[in-house]
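Colleague: Structure, please.
(2 chains)
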Amino acid sequence: MAKFAKKKDGDLPAVSTASLPDIVFMLLFFFMTVTTMKDSTLLVENTLPNASEIKKLEKKDRIIFIYVGTPSEEYQAVYGTEAKIQLNDKFANVSEVGSYILAERAKKPQEVQNFLTTALKVDKNANMGLISDIKQELRKVNALKVNYTTYQGNAFNNLQ
Amino acid sequence: MSFSRNQAPSVNAGSMADIAFLLLIFFLVTTTLETDQGISRLLPSSDTQVPTPKAERNILRISLNAQDAIMVGNQVVTLEEVPGLVMSFLDNGGKDSCSYCQGQGLNALSDSPKAAVVSLSSASQSSYAQYIAIQDALSIAYTELRDREGLRLYQESFSSMKERWASPEVTAEEKQQLTQKLKQLQNLFPQQIVESKLDPQNQAS
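Modeller: As a prediction, the model looks like this:
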């Protein structure tokens, strides 16, 4: 049986890894397209509530973020466990919200300054008192378009 | 020379995967899968004059107390009942002529959707989650009514028109038409929500 010459044993052909870069690049492009750059580190707990009737925030350059929640564990010793406001990278008081909005607005290009939305990213365990105060501040500086950022989901599950 | 003249030497591409992995890990670390979606609302401007008083029947009072209990009008209700109550309030079609309303025309509820105002007051101790749930319920009520009118007038629901409007493949001309229809529907059921703090004195009484 010369035709079926026995192969040398222990000689598996190596798996070609030539396509590995292509696969990794594909992954890379996937992540580049579906994610957005982190702009500030969260200092507060931020579990958003659920809602179903929601609207996507389209243009990222027209949004000003305000985070609210209890300080994360490593900051609780200093800042306590009451819900706090986070503006950019630091904690702030309600009274600072107005000037923050004005400063952020001034940073944006002229043509979008009238179309800014304030996204309130509020932890679902926060109290309404603080939110009402923030809204009062927003009204004072005429930042009237707000968006309560939420997860997509059923609002009836919020309290569980 | 061992290389033949026509054959360029091939570059070793073995490290390409490593480079790509490095880039991939960089992007994984610096980016987030952020959820930028939520309920949009327009706050009333701070320099509004004292509004002309409205008839009590045109105001639906929703209150949220510190224990997260919801009261609509004079009744304590569960969250699930809110959209239905809001819809029957808006869609009542009282003494003003409202050709498209399908409500029962009760005396206790609103004259017309255009006059109807929802007043939402929340105590400062009530939770944000419940507040959002109520805002969501209000949106559900408005969207459902607009959907119904959309189907009646344009054979397409409000939400599907809105979806089409936001999709990238819609043409400019179509978009203009859709904008007009959407505005029309929004005018039929304008979202008029007033928010206030729940006064503890009122709450006690």
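
Colleague: Identify the residue nearest whatever residue of chain A ends up closest to chain B in space, chain neighbours excluded?
Modeller: With Cβ to the nearest Cβ as the measure, A:Gly129 is the residue of chain A nearest to chain B, at 2.8 Å. Backbone N, C-alpha and C define where each C-beta goes, glycine included. Leaving aside its sequence neighbours, A:Gly129 sits nearest to B:Ser124 (Cβ to Cβ, 6 or more residues apart in numbering or on different chains; 2.8 Å).

Colleague: Now do the same for that neighbour: helix, strand or coil?
Modeller: coil (DSSP: H, G, I helix; E, B strand; the rest coil).

Colleague: residue contacts, it?
Modeller: A:Asn127, A:Met128, A:Gly129, A:Leu130, A:Ser132, B:Ala66, B:Lys197, B:Leu198 (Cβ atoms under 8 Å, 6 or more residues apart in numbering or on different chains).

Colleague: what's the closest of those residues to B:Ile25?
Modeller: Ranked by distance to B:Ile25 (Cβ to Cβ), the contacts of B:Ser124 are led by A:Leu130 at 38.0 Å.

Colleague: re the thing from before, among the contacts of B:Ser124, find the one with the greatest number of neighbours, please.
Modeller: A:Met128 (25 neighbours; other Cβ atoms under 10 Å in any protein chain shown).

Colleague: In this model B:Gln125 seems to touch that residue, though I could be wrong.
Modeller: Yes. With contacts counted by Cβ atoms under 8 Å, A:Met128 reaches B:Gln125, the gap being 7.4 Å.

Colleague: before we move on, the earlier item: go through the contacts of B:Ser124 and name the one nearest B:Phe21.
Modeller: B:Phe21 lies nearest to A:Leu130 out of these, by Cβ to Cβ, at 43.9 Å.

Colleague: And the contacts of whatever helix or strand that closest one lives in?
Modeller: If you go by DSSP states H and E, A:Leu130 is part of helix A:128-140. Contacts of helix A:128-140 with the rest of the structure, by Cβ under 8 Å, 6+ apart, involve A:66, A:68, A:83, A:85, A:94-95, A:97-98, A:101, A:118, A:120, A:122, A:144, A:146, B:43-46, B:64, B:122-128, B:131, B:195, B:197.

Colleague: Next secondary structure after it?
Modeller: Remark: after helix A:128-140, the chain's next helix or strand is strand A:145-149, criterion DSSP H and E.

Colleague: Look at A:Thr118 and give its secondary structure.
Modeller: strand.

Colleague: Give the bridge partners for it, please.
Modeller: Taking DSSP bridges as the rule, A:Thr118 bridges to A:Ile64, A:Val146.

Colleague: Name the helix or strand for B:Glu144, please.
Modeller: helix B:128-154.

Colleague: what helices or strands is that helix leaning on?
Modeller: Identification of packing neighbours for helix B:128-154 by 3 or more Cβ pairs under 8 Å, 6 or more residues apart in numbering or on different chains; DSSP states H and E yields strand A:50-51, helix A:128-140, strand B:37-42, strand B:59-64, helix B:82-90, strand B:117-122, helix B:158-166, helix B:172-188.
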